[in-house]
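Novice: Next comes the sequence, and after it the predicted model I'd like to discuss.
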Amino acid sequence: MKVLVAGGTGYIGSHTVVELMEKGFDVVIVDNLSNSFPEVVDSITEITGKRPDFIELDLADTDSASEFFAQYKGIDAAIHFAAYKAVGESVEKPLIYYRNNIYSLINLMENMEKHGIRNLVFSSSCTVYGQPDELPVSEQSPIKPAWSPYGNTKQISEEIIRDVCNVSSLKAIALRYFNPIGAHPSALIGEYPIGIPNNLMPFITQTAIGKREVLSVFGDDYPTPDGTAIRDYIHVVDLAQAHVVAVERMFEDRGKENFEIFNLGTGNGFSVLEVIRSFEKVTGLKLNYKITGRRPGDIEKVFADTAFANQELGWKAIRGLDEMTLSAWNWELALKERKK
Ligand code: NAD
Ligand code: WQD
(Lines give C-alpha, C1' and ligand atoms only; values in the text may rest on other atoms or scores of the structure.)
(Ligands and ions follow the chains in the order given, each with its own letter.)
Protein backbone atom coordinates (compact mmCIF):
# COMPACT_ATOMS: atom_id res chain seq x y z
CA MET A 1 0.00 0.00 0.00
CA LYS A 2 1.23 3.48 -0.81
CA VAL A 3 0.69 6.39 1.59
CA LEU A 4 0.99 10.04 0.66
CA VAL A 5 2.48 12.01 3.55
CA ALA A 6 1.84 15.71 3.08
CA GLY A 7 4.25 17.67 5.28
CA GLY A 8 6.38 14.53 5.56
CA THR A 9 9.73 16.27 6.03
CA GLY A 10 8.38 18.12 9.09
CA TYR A 11 8.70 17.09 12.72
CA ILE A 12 5.79 14.68 13.19
CA GLY A 13 5.59 13.80 9.49
CA SER A 14 9.19 12.55 9.30
CA HIS A 15 8.72 10.30 12.35
CA THR A 16 5.51 8.95 10.82
CA VAL A 17 7.23 8.23 7.50
CA VAL A 18 9.84 6.16 9.37
CA GLU A 19 7.17 4.16 11.22
CA LEU A 20 5.18 3.59 8.01
CA MET A 21 8.24 2.41 6.10
CA GLU A 22 9.30 0.13 8.93
CA LYS A 23 5.86 -1.47 8.68
CA GLY A 24 6.38 -2.06 4.96
CA PHE A 25 4.29 0.77 3.49
CA ASP A 26 5.51 2.64 0.43
CA VAL A 27 5.62 6.35 1.06
CA VAL A 28 5.55 9.46 -1.08
CA ILE A 29 6.28 12.71 0.72
CA VAL A 30 5.09 16.08 -0.54
CA ASP A 31 6.36 19.16 1.28
CA ASN A 32 7.11 22.73 0.26
CA LEU A 33 9.99 22.91 2.77
CA SER A 34 8.54 26.05 4.33
CA ASN A 35 9.37 24.66 7.77
CA SER A 36 11.72 21.74 7.09
CA PHE A 37 14.75 20.67 5.05
CA PRO A 38 15.30 18.23 2.18
CA GLU A 39 18.12 16.53 4.16
CA VAL A 40 15.38 14.95 6.29
CA VAL A 41 14.79 12.56 3.37
CA ASP A 42 18.42 11.41 3.68
CA SER A 43 17.99 10.84 7.40
CA ILE A 44 14.81 8.82 6.84
CA THR A 45 16.73 6.75 4.28
CA GLU A 46 19.54 6.18 6.79
CA ILE A 47 17.11 4.98 9.46
CA THR A 48 14.94 2.75 7.27
CA GLY A 49 17.42 1.62 4.61
CA LYS A 50 14.98 2.70 1.90
CA ARG A 51 14.43 6.08 0.24
CA PRO A 52 10.89 7.42 0.21
CA ASP A 53 9.77 9.33 -2.87
CA PHE A 54 9.93 13.06 -2.24
CA ILE A 55 8.29 15.81 -4.26
CA GLU A 56 8.74 19.46 -3.35
CA LEU A 57 5.28 20.93 -3.68
CA ASP A 58 3.08 23.66 -2.25
CA LEU A 59 -0.16 21.85 -1.53
CA ALA A 60 -1.97 25.17 -1.04
CA ASP A 61 -1.31 25.95 -4.71
CA THR A 62 -4.22 24.48 -6.65
CA ASP A 63 -2.41 23.99 -9.96
CA SER A 64 0.66 22.35 -8.40
CA ALA A 65 -1.54 20.02 -6.37
CA SER A 66 -3.60 18.96 -9.43
CA GLU A 67 -0.45 18.43 -11.47
CA PHE A 68 1.03 16.19 -8.80
CA PHE A 69 -2.06 13.99 -8.53
CA ALA A 70 -2.41 13.79 -12.31
CA GLN A 71 1.13 12.47 -12.62
CA TYR A 72 1.62 10.40 -9.48
CA LYS A 73 -0.47 7.24 -9.43
CA GLY A 74 -1.13 4.41 -7.00
CA ILE A 75 -1.78 6.33 -3.76
CA ASP A 76 -4.08 4.45 -1.35
CA ALA A 77 -4.21 6.88 1.59
CA ALA A 78 -3.08 10.35 2.61
CA ILE A 79 -1.85 11.67 5.93
CA HIS A 80 -2.11 15.43 6.05
CA PHE A 81 0.47 17.20 8.23
CA ALA A 82 1.10 20.14 5.88
CA ALA A 83 0.12 23.25 7.82
CA TYR A 84 1.56 26.29 9.55
CA LYS A 85 1.48 25.81 13.32
CA ALA A 86 2.77 28.87 15.20
CA VAL A 87 -0.13 30.01 17.35
CA GLY A 88 1.19 33.54 18.05
CA GLU A 89 2.12 34.15 14.43
CA SER A 90 -1.38 33.11 13.36
CA VAL A 91 -2.82 35.91 15.52
CA GLU A 92 -0.54 38.41 13.73
CA LYS A 93 -1.05 37.00 10.21
CA PRO A 94 -4.45 35.28 10.14
CA LEU A 95 -4.94 35.28 6.36
CA ILE A 96 -1.64 33.53 5.76
CA TYR A 97 -2.75 30.80 8.16
CA TYR A 98 -6.25 30.44 6.73
CA ARG A 99 -4.88 30.37 3.18
CA ASN A 100 -2.21 27.80 3.83
CA ASN A 101 -4.02 25.49 6.20
CA ILE A 102 -7.44 25.54 4.58
CA TYR A 103 -6.41 25.68 0.91
CA SER A 104 -3.97 22.80 1.37
CA LEU A 105 -6.74 20.66 2.87
CA ILE A 106 -9.26 21.54 0.15
CA ASN A 107 -6.74 20.92 -2.63
CA LEU A 108 -5.82 17.59 -1.10
CA MET A 109 -9.44 16.49 -0.66
CA GLU A 110 -10.53 17.62 -4.13
CA ASN A 111 -7.73 15.63 -5.70
CA MET A 112 -8.37 12.62 -3.50
CA GLU A 113 -11.98 12.65 -4.65
CA LYS A 114 -10.99 13.07 -8.29
CA HIS A 115 -8.48 10.22 -8.17
CA GLY A 116 -10.52 7.84 -6.01
CA ILE A 117 -8.28 7.98 -2.91
CA ARG A 118 -10.63 7.18 -0.06
CA ASN A 119 -8.57 7.22 3.14
CA LEU A 120 -7.47 10.38 4.97
CA VAL A 121 -5.72 10.92 8.29
CA PHE A 122 -5.74 14.52 9.49
CA SER A 123 -3.47 16.23 12.07
CA SER A 124 -5.76 17.96 14.50
CA SER A 125 -4.95 19.34 17.91
CA CYS A 126 -6.08 19.44 21.53
CA THR A 127 -6.24 23.19 20.98
CA VAL A 128 -9.84 22.58 19.77
CA TYR A 129 -10.87 21.96 23.42
CA GLY A 130 -9.47 25.26 24.76
CA GLN A 131 -9.46 25.12 28.57
CA PRO A 132 -11.84 22.20 29.13
CA ASP A 133 -14.41 22.36 31.93
CA GLU A 134 -13.63 18.80 32.97
CA LEU A 135 -10.42 16.79 32.95
CA PRO A 136 -9.32 14.47 31.51
CA VAL A 137 -10.66 15.68 28.19
CA SER A 138 -12.44 13.10 26.03
CA GLU A 139 -13.36 13.24 22.36
CA GLN A 140 -16.90 14.14 23.47
CA SER A 141 -15.77 17.23 25.38
CA PRO A 142 -17.16 20.42 23.89
CA ILE A 143 -15.20 22.33 21.29
CA LYS A 144 -14.51 25.83 22.63
CA PRO A 145 -14.38 28.91 20.41
CA ALA A 146 -10.84 29.07 19.08
CA TRP A 147 -8.83 31.99 20.42
CA SER A 148 -6.25 31.84 17.62
CA PRO A 149 -6.64 31.62 13.85
CA TYR A 150 -4.36 28.56 14.00
CA GLY A 151 -6.77 26.80 16.36
CA ASN A 152 -9.65 27.88 14.18
CA THR A 153 -8.04 26.28 11.11
CA LYS A 154 -8.09 22.96 12.99
CA GLN A 155 -11.77 23.36 13.92
CA ILE A 156 -12.75 24.40 10.39
CA SER A 157 -10.69 21.58 8.87
CA GLU A 158 -12.46 19.00 11.00
CA GLU A 159 -15.82 20.45 9.90
CA ILE A 160 -14.81 20.35 6.23
CA ILE A 161 -13.77 16.72 6.56
CA ARG A 162 -17.01 15.83 8.37
CA ASP A 163 -19.13 17.50 5.67
CA VAL A 164 -17.33 15.64 2.88
CA CYS A 165 -17.53 12.29 4.70
CA ASN A 166 -21.30 12.82 5.09
CA VAL A 167 -21.84 12.84 1.34
CA SER A 168 -19.09 10.69 -0.11
CA SER A 169 -17.24 7.42 0.28
CA LEU A 170 -14.30 9.14 1.95
CA LYS A 171 -13.11 7.61 5.21
CA ALA A 172 -11.26 9.94 7.53
CA ILE A 173 -9.65 9.93 10.96
CA ALA A 174 -8.74 13.16 12.76
CA LEU A 175 -6.08 12.72 15.41
CA ARG A 176 -6.08 15.39 18.09
CA TYR A 177 -2.53 15.62 19.35
CA PHE A 178 -1.74 16.84 22.81
CA ASN A 179 1.88 18.06 23.22
CA PRO A 180 4.30 16.07 21.05
CA ILE A 181 7.93 16.25 22.20
CA GLY A 182 11.12 14.19 21.89
CA ALA A 183 12.86 12.69 18.90
CA HIS A 184 13.65 9.40 17.18
CA PRO A 185 16.06 7.22 19.24
CA SER A 186 18.58 7.34 16.36
CA ALA A 187 18.82 11.14 16.85
CA LEU A 188 18.76 11.38 13.05
CA ILE A 189 15.41 13.18 12.93
CA GLY A 190 13.72 15.49 15.42
CA GLU A 191 12.09 18.86 15.85
CA TYR A 192 13.89 21.65 14.02
CA PRO A 193 12.29 24.99 14.86
CA ILE A 194 13.35 27.76 12.51
CA GLY A 195 14.16 30.89 14.58
CA ILE A 196 13.23 31.25 18.23
CA PRO A 197 11.22 28.23 19.41
CA ASN A 198 7.67 28.82 20.61
CA ASN A 199 7.36 25.47 22.32
CA LEU A 200 8.75 24.40 25.66
CA MET A 201 10.91 21.37 24.80
CA PRO A 202 13.06 22.90 22.04
CA PHE A 203 13.46 26.03 24.18
CA ILE A 204 14.77 23.86 27.01
CA THR A 205 17.27 21.98 24.83
CA GLN A 206 18.42 25.16 23.04
CA THR A 207 18.97 26.87 26.41
CA ALA A 208 20.92 23.89 27.74
CA ILE A 209 23.17 23.81 24.67
CA GLY A 210 23.81 27.56 24.86
CA LYS A 211 21.77 28.75 21.86
CA ARG A 212 19.43 30.63 24.24
CA GLU A 213 20.50 32.37 27.41
CA VAL A 214 17.60 31.57 29.67
CA LEU A 215 14.26 29.76 29.56
CA SER A 216 11.29 31.83 30.70
CA VAL A 217 8.77 29.77 32.64
CA PHE A 218 5.48 31.44 31.78
CA GLY A 219 3.75 31.87 35.12
CA ASP A 220 3.98 30.10 38.49
CA ASP A 221 0.66 31.37 39.81
CA TYR A 222 -1.65 28.82 38.17
CA PRO A 223 -3.88 26.79 40.50
CA THR A 224 -1.70 23.68 40.05
CA PRO A 225 0.48 21.92 42.67
CA ASP A 226 3.68 23.84 41.78
CA GLY A 227 1.94 26.84 40.19
CA THR A 228 3.14 26.11 36.62
CA ALA A 229 0.86 25.04 33.78
CA ILE A 230 0.12 21.39 33.07
CA ARG A 231 0.16 19.61 29.69
CA ASP A 232 -0.04 16.07 28.34
CA TYR A 233 3.37 15.57 26.70
CA ILE A 234 3.54 12.64 24.30
CA HIS A 235 6.63 11.08 22.69
CA VAL A 236 6.65 11.80 18.96
CA VAL A 237 7.42 8.13 18.19
CA ASP A 238 4.28 7.02 20.08
CA LEU A 239 2.36 9.65 18.15
CA ALA A 240 3.83 8.52 14.81
CA GLN A 241 2.90 4.90 15.53
CA ALA A 242 -0.72 5.93 16.10
CA HIS A 243 -0.81 7.19 12.50
CA VAL A 244 0.23 3.77 11.21
CA VAL A 245 -2.52 2.19 13.30
CA ALA A 246 -5.04 4.70 11.93
CA VAL A 247 -4.07 3.96 8.33
CA GLU A 248 -4.30 0.20 8.95
CA ARG A 249 -7.73 0.67 10.55
CA MET A 250 -8.98 2.32 7.37
CA PHE A 251 -7.34 -0.20 5.02
CA GLU A 252 -8.90 -3.06 7.00
CA ASP A 253 -12.24 -1.24 7.15
CA ARG A 254 -12.43 -1.46 10.94
CA GLY A 255 -13.83 2.04 11.44
CA LYS A 256 -17.17 2.39 13.24
CA GLU A 257 -18.04 5.55 11.30
CA ASN A 258 -16.57 7.08 8.19
CA PHE A 259 -15.28 10.07 10.16
CA GLU A 260 -13.64 9.23 13.47
CA ILE A 261 -11.78 11.39 15.96
CA PHE A 262 -9.21 10.24 18.50
CA ASN A 263 -7.22 11.99 21.21
CA LEU A 264 -3.52 11.21 21.12
CA GLY A 265 -1.99 11.78 24.52
CA THR A 266 -0.64 9.74 27.41
CA GLY A 267 -3.36 10.70 29.87
CA ASN A 268 -0.74 12.12 32.26
CA GLY A 269 -0.35 15.82 32.98
CA PHE A 270 3.07 17.27 33.78
CA SER A 271 3.86 20.82 34.88
CA VAL A 272 6.52 22.99 33.25
CA LEU A 273 8.73 22.54 36.34
CA GLU A 274 8.29 18.75 36.18
CA VAL A 275 9.50 18.76 32.57
CA ILE A 276 12.51 20.85 33.59
CA ARG A 277 13.26 18.48 36.52
CA SER A 278 13.04 15.46 34.20
CA PHE A 279 15.41 17.13 31.75
CA GLU A 280 17.88 17.98 34.51
CA LYS A 281 17.71 14.44 35.89
CA VAL A 282 18.32 12.59 32.61
CA THR A 283 21.05 14.94 31.38
CA GLY A 284 22.74 15.77 34.69
CA LEU A 285 22.67 19.44 33.61
CA LYS A 286 21.40 22.48 35.48
CA LEU A 287 19.01 24.48 33.33
CA ASN A 288 19.10 28.27 33.44
CA TYR A 289 15.48 29.35 33.83
CA LYS A 290 13.51 32.18 35.38
CA ILE A 291 9.86 32.60 36.27
CA THR A 292 8.14 35.30 34.22
CA GLY A 293 4.52 36.36 33.67
CA ARG A 294 1.91 34.16 32.02
CA ARG A 295 1.92 33.91 28.22
CA PRO A 296 -1.29 35.39 26.74
CA GLY A 297 -3.71 32.71 25.60
CA ASP A 298 -2.13 29.91 27.66
CA ILE A 299 -4.47 27.59 29.47
CA GLU A 300 -3.88 26.31 32.97
CA LYS A 301 -4.19 22.59 32.54
CA VAL A 302 -5.06 19.97 29.94
CA PHE A 303 -4.57 16.23 29.60
CA ALA A 304 -6.26 13.54 27.57
CA ASP A 305 -8.77 10.85 28.32
CA THR A 306 -7.08 8.15 26.25
CA ALA A 307 -9.64 5.36 26.80
CA PHE A 308 -11.31 5.65 23.40
CA ALA A 309 -8.04 5.65 21.44
CA ASN A 310 -6.63 2.82 23.56
CA GLN A 311 -9.71 0.63 23.09
CA GLU A 312 -10.69 1.42 19.53
CA LEU A 313 -7.28 1.86 17.94
CA GLY A 314 -5.60 -0.72 20.14
CA TRP A 315 -2.83 1.83 20.58
CA LYS A 316 -1.29 3.24 23.74
CA ALA A 317 1.51 5.72 24.32
CA ILE A 318 4.23 3.78 26.15
CA ARG A 319 7.18 6.15 26.42
CA GLY A 320 7.58 8.12 29.63
CA LEU A 321 8.59 11.72 30.27
CA ASP A 322 12.28 10.92 30.95
CA GLU A 323 12.55 9.09 27.62
CA MET A 324 10.97 12.11 25.92
CA THR A 325 13.31 14.69 27.46
CA LEU A 326 16.43 12.52 26.95
CA SER A 327 15.64 11.87 23.29
CA ALA A 328 15.05 15.61 22.75
CA TRP A 329 18.45 16.31 24.29
CA ASN A 330 20.23 13.64 22.19
CA TRP A 331 18.71 15.23 19.09
CA GLU A 332 19.96 18.69 20.11
CA LEU A 333 23.45 17.22 20.68
CA ALA A 334 23.33 15.49 17.27
CA LEU A 335 22.37 18.78 15.60
CA LYS A 336 25.39 20.46 17.17
CA GLU A 337 27.68 17.69 15.91
CA ARG A 338 26.28 18.05 12.39
CA LYS A 339 27.01 21.78 12.33
CA LYS A 340 30.69 21.33 13.26
P1 NAD B 1 6.16 21.02 11.02
O2 NAD B 1 6.12 22.47 10.67
O3 NAD B 1 7.43 20.46 11.48
O4 NAD B 1 5.65 20.15 9.77
C5 NAD B 1 4.73 20.62 8.83
C6 NAD B 1 5.34 20.42 7.46
O7 NAD B 1 4.41 20.86 6.48
C8 NAD B 1 6.62 21.22 7.25
O9 NAD B 1 7.63 20.37 6.74
C10 NAD B 1 6.23 22.29 6.22
O11 NAD B 1 7.32 22.62 5.38
C12 NAD B 1 5.09 21.60 5.50
N13 NAD B 1 4.11 22.50 4.89
C14 NAD B 1 3.46 23.55 5.46
N15 NAD B 1 2.62 24.11 4.57
C16 NAD B 1 2.73 23.38 3.42
C17 NAD B 1 2.13 23.47 2.14
N18 NAD B 1 1.25 24.42 1.83
N19 NAD B 1 2.48 22.56 1.19
C20 NAD B 1 3.38 21.59 1.47
N21 NAD B 1 3.99 21.47 2.66
C22 NAD B 1 3.67 22.37 3.63
O23 NAD B 1 4.99 20.77 12.08
P24 NAD B 1 4.67 19.48 12.95
O25 NAD B 1 4.94 19.81 14.37
O26 NAD B 1 5.28 18.29 12.35
O27 NAD B 1 3.10 19.45 12.79
C28 NAD B 1 2.47 18.64 11.81
C29 NAD B 1 0.98 18.84 11.87
O30 NAD B 1 0.53 18.53 13.18
C31 NAD B 1 0.51 20.27 11.60
O32 NAD B 1 -0.71 20.20 10.89
C33 NAD B 1 0.28 20.83 12.99
O34 NAD B 1 -0.68 21.84 12.98
C35 NAD B 1 -0.24 19.59 13.71
N36 NAD B 1 -0.03 19.65 15.16
C37 NAD B 1 1.21 19.86 15.67
C38 NAD B 1 1.40 19.91 17.04
C39 NAD B 1 2.75 20.19 17.63
O40 NAD B 1 2.84 20.57 18.80
N41 NAD B 1 3.84 20.01 16.90
C42 NAD B 1 0.31 19.74 17.90
C43 NAD B 1 -0.96 19.51 17.34
C44 NAD B 1 -1.13 19.46 15.97
C1 WQD C 1 3.86 24.12 26.96
C2 WQD C 1 3.91 24.75 28.33
C3 WQD C 1 3.79 27.14 28.31
C4 WQD C 1 7.56 27.86 26.26
C5 WQD C 1 1.05 24.61 21.67
C6 WQD C 1 -0.13 25.03 20.84
C7 WQD C 1 -1.07 23.88 20.69
C8 WQD C 1 -0.35 22.65 20.16
C9 WQD C 1 0.87 22.33 20.96
C10 WQD C 1 -0.50 22.63 17.79
C11 WQD C 1 2.93 25.90 28.51
C12 WQD C 1 5.13 26.68 28.83
C13 WQD C 1 6.47 27.26 26.87
C14 WQD C 1 8.47 28.60 27.06
C15 WQD C 1 7.15 28.05 29.00
N16 WQD C 1 0.13 22.85 18.83
N17 WQD C 1 6.28 27.35 28.21
N18 WQD C 1 8.23 28.67 28.41
O19 WQD C 1 1.15 26.09 24.45
O20 WQD C 1 0.64 23.78 25.33
O21 WQD C 1 0.57 24.19 22.94
O22 WQD C 1 1.70 23.50 21.06
O23 WQD C 1 -1.64 22.32 17.63
O24 WQD C 1 -2.06 24.29 19.81
O25 WQD C 1 -0.77 26.10 21.50
O26 WQD C 1 2.75 24.15 24.05
O27 WQD C 1 5.19 23.87 24.19
O28 WQD C 1 4.25 26.17 23.74
O29 WQD C 1 3.96 25.16 25.99
O30 WQD C 1 7.00 28.16 30.23
O31 WQD C 1 9.44 29.20 26.59
O32 WQD C 1 5.21 25.31 28.52
O33 WQD C 1 3.34 28.25 29.05
O34 WQD C 1 2.46 25.85 29.82
P35 WQD C 1 1.22 24.64 24.28
P36 WQD C 1 4.11 24.86 24.41
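Specialist: The structure has been received and is ready for your questions. Ligands and ions are numbered 1, 2, ... in the order given.
Novice: Can you name the residues that contact Ala242?
Specialist: Contact analysis of Ala242 by Cβ atoms under 8 Å, 6 or more residues apart in numbering lists Leu175, Phe262, Leu264, Ala309, Leu313, Trp315. Where C-beta positions appear, they are placed from N, C-alpha and C, glycine not excepted.
Novice: Return the subset of those residues lying in strands.
Specialist: Applying DSSP state E to the contacts of Ala242, the entries found in strands are Leu175, Phe262, Leu264.
Novice: Who wins on neighbours among those residues?
Specialist: Ranked by the number of neighbours (other Cβ atoms under 10 Å), the ones in strands among the contacts of Ala242 place Leu264 first, at 27 neighbours.
Novice: Tell me what it is bridged to.
Specialist: Beta-bridge partners for Leu264, by DSSP bridges, are Tyr177.
Novice: does it really touch Ala309, like I thought?
Specialist: Yes. Shown here, Leu264 and Ala309 form a contact pair, counting by Cβ atoms under 8 Å, at 6.4 Å.
Novice: Which stretches in the stretch 101-250 of the chain count as helices?
Specialist: Residue ranges of the helices in the stretch 101-250 of the chain, as given by DSSP state H, counting those that start in this stretch, are 149-167, 200-208, 236-251.
Novice: With respect to ligand 1, which of the ones you listed lies nearest?
Specialist: helix 149-167 (6.8 Å; Cβ to the nearest ligand atom).
Novice: got a list of contacts for the closest one?
Specialist: So helix 149-167 is contacted by 83-87, 89-91, 94, 97-98, 101-102, 105-106, 109, 113, 120, 122, 124-125, 127-128, 130, 143, 146, 170-172, 174, 258-259, 261 (Cβ under 8 Å, 6+ apart).
Novice: Any part of it near ligand 1?
Specialist: No. No part of helix 149-167 sits near ligand 1 under the criterion Cβ under 6 Å from any ligand atom; the closest distance found is 6.8 Å.
Novice: What average pLDDT does that helix get?
Specialist: Throughout helix 149-167, pLDDT has a mean value of 98.
Novice: Pull out the buried residues from that helix.
Specialist: Neighbour-count burial for helix 149-167, counted by 16 or more other Cβ atoms under 10 Å, picks out 149-158, 160-161, 164-165.
Novice: Likewise for stretch 181-200?
Specialist: Buried residues in stretch 181-200, counting neighbours by 16+ other Cβ under 10 Å, are found at 181-184, 187-192, 197, 199-200.
Novice: Can you pull the residues of the chain lying near ligand 1?
Specialist: By Cβ under 6 Å from any ligand atom, the residues of the chain that approach ligand 1 are 7, 9-13, 30-36, 57-60, 81-85, 100, 104, 123, 125, 177, 179-180.
Novice: Which among the residues you listed count as buried?
Specialist: Among the residues of the chain next to ligand 1, those buried by neighbour count (16+ other Cβ under 10 Å) are 7, 9-13, 30-32, 35-36, 57-60, 81-85, 100, 104, 123, 125, 177, 179-180.
Novice: Ligand 2 next: which of these are close?
Specialist: Lys85, Ser125, Asn179.
Novice: The last one contacts Tyr233, doesn't it?
Specialist: Just to be clear, that refers to Asn179. Yes. Between Asn179 and Tyr233 there is a contact under Cβ under 8 Å: 4.7 Å.
Novice: Of all residues in the stretch 201-340 of the chain, which one is closest to ligand 2?
Specialist: Closest residue of the stretch 201-340 of the chain to ligand 2, Cβ to the nearest ligand atom: Ala229 (3.2 Å).
Novice: So what's the residue count around the residue nearest to that residue when sequence neighbours are not counted?
Specialist: Sequence neighbours aside, Tyr222 is the residue nearest to Ala229 in space, at 5.3 Å (criterion: Cβ to Cβ, 6 or more residues apart in numbering). When neighbours are defined as other Cβ under 10 Å, Tyr222 has 19 of them.
Novice: Show the pLDDT at Tyr222.
Specialist: According to the prediction, Tyr222 has pLDDT 98.
Novice: how near is it to Gly13?
Specialist: Computed with Cβ to Cβ, to the nearest Å, the distance linking Tyr222 and Gly13 is 32 Å.
Novice: swap in Gly320?
Specialist: 24 Å.
Novice: One more: His235?
Specialist: Between His235 and Gly13 the computed distance is 16 Å (Cβ to Cβ).
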